[in-house]
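**Q** Below: sequence and its predicted model.
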Amino acid sequence: MIGDLMIETEKKNGIAVIYMNNPPMNVLCTELLKELEKVLIELEKDNELRAVIVTGKGKAFVAGADIKEMKEMSPEEAKSFSELGQGVLNRFESLHVPVIAAVNGFALGGGTEVALACDIRIASEVAKFGQPEVNLAVIPGFGGTQRLARCIGLGKAKELIYTGDIIGADKAYELGLVQQLVPGYERGTDGQKIKNEKGRPIQDNEPVLNAAKEMAEKIASKGPVAIKKAKESITYGMTKPLHEGLELEAKKFSELFDTKDQKEGMDAFINKREPEFKGE
């Protein structure tokens, strides 16, 4: 276990799971962000790591930044808070392995920004996304004004940020914000949602976490160095003109021909056997 109370982690077979654990809604406060940064710094050093999953404990993924903490901030303090959040989320984006967001519930404001910093987003049917900061007379400060447009296009990103609208998982999937949808409620043998004593459907976080683990395991079975180079090529290539991105791709492609995994992968293919990748 890495981290303290607000961040819990587990690792098995090269796959690390990061749990946001700041009840009741897993809001992003300074303490949580600093804990998360420490966890990510440790994961950056882990050469056996193959994939990371980020999810929330309880009914929220991350319901946003801590408004109570932000309320009395000066402009200087707000800038420092924004830079802290951006810096932590940049570590997700630059991590040497793919990061999968298993969005189990509310992912609003900072929650959408956390998900956007991940490589792939899998959402439970109960998930909600949005950048409602304008309702508080502020704007997204952890990367939302930049990553959302890169993800779903300029016009739609402007619409969501300007209106503060909150969208469901199905709409997020339609927009390309989410790559996979999974069930999110406990159901009986008849397929109907099971309800609690208040008559509300009971949320089930297992399907989205299991779907993320299944995808992570699939990624972990591939050539680790190739996955790293692919992430570098995609992430940094997107910030460059096409011709520079293509130059970067050719460079990363060629670098792989100096690895043992490349020789193993191609030999296994030719000889019709399963490859045994070593990450070398």
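**A** Thanks, I have the structure now.
**Q** Hmm, residue 265 is touching residue 221, no?
**A** No. If you go by Cβ atoms under 8 Å, residue 265 and residue 221 don't touch, sitting 11.5 Å apart. No exception for glycine: its C-beta is placed from N, CA and C like everyone else's.
**Q** Next, give phi and psi for the closest residue to residue 27 other than its chain neighbours.
**A** Of all residues not flanking residue 27 in the chain, residue 66 sits nearest, at 4.6 Å (Cβ to Cβ, 6 or more residues apart in numbering). Phi and psi for residue 66, reported as degrees, to the nearest 10, are phi -80, psi 100.
**Q** Tell me the secondary structure at residue 189.
**A** On the three-state scheme (DSSP: H, G, I helix; E, B strand; the rest coil), residue 189 is labelled coil.
**Q** any idea how far it is from residue 197?
**A** Going from residue 189 to residue 197 by Cβ to Cβ, to the nearest Å gives 20 Å.
**Q** any low-confidence regions in the stretch 151-280 of the chain?
**A** Within the stretch 151-280 of the chain, no stretch has pLDDT under 70.
**Q** can you give me the helices for it?
**A** 154-163, 169-175, 206-220, 224-237, 242-255, 260-270 (DSSP state H, counting those that start in this stretch).
**Q** Run through the neighbouring helices and strands of the first one.
**A** Based on contacts counted as 3 or more Cβ pairs under 8 Å, 6 or more residues apart in numbering; DSSP states H and E, the elements that helix 154-163 packs against are helix 144-152.
**Q** Now do the buried residues in the helix it packs on.
**A** 144-145, 147-149, 151-152 (16 or more other Cβ atoms under 10 Å).
**Q** swap in stretch 245-262?
**A** Result for stretch 245-262 [16+ other Cβ under 10 Å]: buried residues 245, 248-249, 252, 256, 259, 261-262.
**Q** What of stretch 61-74?
**A** 61-66, 70.
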